[in-house]
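J.: Structure for this input, please:
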Amino acid sequence: MSCAACAAAVERALSRVPGVSSATVNLATREATVRHDGSAGAESLARAVRGAGYDASPIEAARPSDSAARNLHDVSGGQHARHDADRGLRLRLMVGAALTAPLLVIAMSHGALPGLHGPLGNWVQFALATPVVLWCGARFFVSALKGLRHGRANMDTLIALGTGAAYLSSAVATVAPEAAARPLGAHAGGAHGPPVYFEAAAAIIVLVLLGKHLEARATARTGDALRALIDLRPKTARVVRGDSEAEVPAGSVRAGELVRIRPGESVPVDGTVRQGGSSVDESMLTGESVPVDKRPGDAVFGGTLNTTGSLLVEVTRTGGDTALSRIIRLVQEAQGDRAPIARLADRVSGVFTPAVLVVALVAAVAWLLLGPADDRGTLALTAFVSVLIISCPCALGLATPTAIMVGTGRAARLGVLFRSAATLELLHRARVVVFDKTGTLTRGEHEVTDVVAAAPERQTELLSIAASAESVSEHPLARAIVAAAAMRGIEARAPERFEAAVGLGVEAFVGGRRVAVGNEKFVTARGATVSAELRARAAELAASGKTTVHVAADGAVIGLVALADSVRDEATETVARLKEMGVRVAMITGDSPPAARAVARQVGIESDGVHASVLPGDKAARVAELRAGGAVVAMVGDGINDAPALAAADVGIAMGSGTDVAIEAADVTLLRADLRAVTDAIAVSHATMRTIRQNLFWAFAYNALAIPLAAGALYPATGMMLSPIVASAAMSASSVSVVLNSLRLARRRL
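T.: Here you go, the predicted structure:
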């Protein structure tokens, strides 16, 4: 494929296959993403592409153990095929350049070289130009003929027509100068016969090949981020079988086996730590630079790096099912998707080549009819060739996909996964970002903040009694109380008897004392009394958004334990940055209004943006209300409990659970539990869209300016025509510049 018209032709061919609902072709990667009902086999799809005049081969189905490696073997559409094509392109480029260099010297000498002017010089130029045009440039003529056979024109059609016209007219002028002189005007014959344009035809071929080569190299760099992810896949694993360890290919490891991971080695598969302890660098997956401590029971993920200790890991997922493979698959799908903004370029590309052909013919006819009598033939041919060559539908076709590839790759390095190009485009328009509270703005883990004893000197005794009563409970608040006692060096004894009332509290016997721990209603129902001072203190703590637990012993409340879900360290910074971006921030939570308002105050969310006591099923309705105002709404939640609200938003952003359910469900998945990734996602979206607009602007502006110049707009005022050689250089430069501008995304400050 050479331009957007080619990609459109392949899409049409694929869409006509029975059972296909949609087909998207990425010009930059040379890959097609086809959605179908299962009746369209890979071979039938490839056959449809061949029927359209192109070639295609299905990506081979592979074993589950290495499906990621096979399905994602190369972001550029087949590493070996692309390498062979690049090698052939380089060979033709080198041969063409070697033959064109002396051709340009002869043509530009204007008779200064003895014996190489007049008929003899033309024959020498003919001999040098013929292999350049017919062998080095064969790909353009073959593609143009295929397109003609299928009633289609593309960029190769323009190049073939332009260089073919220059070469054939020059060949006629060399072989039959008298016949060529008549249509070119009285002056055309001159002292040395009619003019020849061998150097223009050859130079155009060489410059276009050079542009293709530079474009291919630059485009390949747009997939660097994805290739870096693919390269993370370890090749081997150290499997523990009985008393021995054996190094085997990672693809052969099965779920349930044990794998030994030594310090400095990569984790080969997803699994659960069974023995040992270490810190694991997960930055390649999450973008988080601080290693994560791993102990028995913790999960580890393939592609991450074990740093200090030895780990014995039980394998849970392998091959294409690992978190890394799913991340690679999502990034590739997003890179192969088409953003809505590309539709304008698609529509233009559909009529671009035929329109250019018409403009070139009109320009040639105009010069033949209206040009100076002595030069009208020369001017007509120059305008015709220059208009065909300078037109660049390739730049239009590359404007969007290259930016999408670099943008999604940059996001992946930051721990942000976009599910589609449409999501990447939409997120930059978000004007409201709604956060869930628990587990999103907060850590989702309660901590003891206050221990209030009726007798202040008995705080240690109070916490000891509460922790002992709660020591066998699985409730999150109970675990927080036990943890707080342990941090203070207070021993929690096992209760002699224990009974839990779901949602209310626990009752136990601790050291012979009857203890009740729970809310005020629970402890008073068991005969305990609450002093006025403690009741007032409990109300004060509740007003500040804290959860208050009453501790009663032998019929009297002896104190209070207050707990709060701590706000994430980066929450305030994130909210402030969103406001700087012009985004309104809101919070939806099922927690009580006092608790919600307390968190909102801490992070900087205005009171009118707080929606408290909202049931999980009603969160989606609240999000829909915000959307009803016309604003694009992004919802940030944990990806599981907030699923209805995430689905109701224009863009659902799941954080903290990107390696599990959310990676398959959300529009955007944040692989690191860091709220700053939300602003990173929006910033990447802004930067990518800005780059796409720049690419499209320059692609359109280039053609709007270049085509009139090539047609001879400056000749009446300056007497100069745009050289076809200059036109070919400009055409190649436009495509390369679009790709290079996209590559700036990889380094641009967000």
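J.: Only C-alpha atoms from now on, for both contacts and neighbour counts.
T.: Fine.
J.: what about the residue nearest to E333 when sequence neighbours are not counted, neighbour count?
T.: Leaving aside its sequence neighbours, E333 sits nearest to S420 (CA to CA, 6 or more residues apart in numbering; 6.9 Å). Using other CA atoms under 10 Å, S420 has 22 other residues around it.
J.: next one: L214
T.: Close neighbours of L214, defined as other CA under 10 Å, add up to 19.
J.: residues in contact with it?
T.: For L214, the contacting residues are V736, by CA atoms under 8 Å, 6 or more residues apart in numbering.
J.: Distance of it relative to A654?
T.: Per CA to CA, to the nearest Å, L214 is found 39 Å from A654.
J.: returning to that earlier point: who's in contact with the residue nearest to E333?
T.: Counting by CA under 8 Å, 6+ apart, S420 touches 333-335, 337-339, 667.
J.: So it versus M405, what's the distance?
T.: Relative to M405, and taking CA to CA, S420 is found at 11 Å.
J.: who touches both of these two?
T.: What both S420 and M405 touch, as defined by CA under 8 Å, 6+ apart, is the set 334-335.
J.: Let me know the distance separating the closest residue to G582 other than its chain neighbours from A478.
T.: Spatial nearest neighbour of G582, chain neighbours left out: R431 (7.0 Å); criterion: CA to CA, 6+ apart. Distance, R431 to A478, by CA to CA: 40 Å.
J.: Okay, and the beta partners of the nearest residue to F418 once chain neighbours are set aside?
T.: Leaving aside its sequence neighbours, F418 sits nearest to V668 (CA to CA, 6+ apart; 4.7 Å). According to DSSP bridges, the residues that bridge with V668 are F418, I653.
J.: Report how many residues lie close to V668.
T.: With other CA under 10 Å as criterion, V668 counts 29.
J.: Next: E257.
T.: E257 has 14 neighbouring residues, counting by other CA under 10 Å.
J.: got the contact list for it?
T.: 239-240, 314-315.
J.: same check, this time on P476
T.: Going by CA under 8 Å, 6+ apart, P476 touches 445-446.
J.: how much space between it and A631?
T.: P476 sits 37 Å away from A631, going by CA to CA.
J.: quick one, strands of the stretch 351-500 of the chain?
T.: With DSSP state E, counting those that start in this stretch as the criterion, the stretch 351-500 of the chain has strands at 416-418, 430-436, 442-453, 497-501.
J.: quick one, which of those strands is nearest to S471?
T.: strand 497-501 (9.7 Å; CA to CA).
J.: Mind listing residues that contact the helix or strand that comes right after that closest one?
T.: Counting by DSSP states H and E, the next helix or strand C-terminal to strand 497-501 is strand 505-510. Applying CA under 8 Å, 6+ apart, the contact partners of strand 505-510 are 465, 468-470, 493-500, 514-519, 522.
J.: which other helices and strands contact whatever helix or strand comes next after strand 505-510?
T.: Tracing the chain past strand 505-510, the next element assigned as helix or strand by DSSP H and E is strand 513-518. In terms of contacts (3 or more CA pairs under 8 Å, 6 or more residues apart in numbering; DSSP states H and E), strand 513-518 is packed against helix 459-470, strand 505-510, helix 520-525, strand 547-553.
J.: Now do the buried residues in the second one.
T.: In other words, strand 505-510. Neighbour-count burial for strand 505-510 flags 505-510 (criterion: 16 or more other CA atoms under 10 Å).
J.: now the first one
T.: Residues 459-460, 462-470 are the ones in helix 459-470 that count as buried (16+ other CA under 10 Å).
J.: try stretch 137-153
T.: Neighbour-count burial for stretch 137-153 flags 137-138, 140-141, 143-147, 152-153 (criterion: 16+ other CA under 10 Å).
J.: Are any of the contacts of strand 505-510 buried, and if so which?
T.: Buried members of the contacts of strand 505-510, counted by 16+ other CA under 10 Å: 465, 468-470, 493-495, 498, 500, 514-519, 522.
J.: circling back: select, out of the strands of the stretch 351-500 of the chain, the one closest to L361.
T.: Taking CA to CA, strand 416-418 is the member of the strands of the stretch 351-500 of the chain nearest to L361, at 45.6 Å.
J.: Please tell me how far the closest one is from the chain's geometric centre.
T.: For strand 416-418, the separation from the chain centroid amounts to 6 Å (computed by CA atoms, centre = their mean, to the nearest Å).
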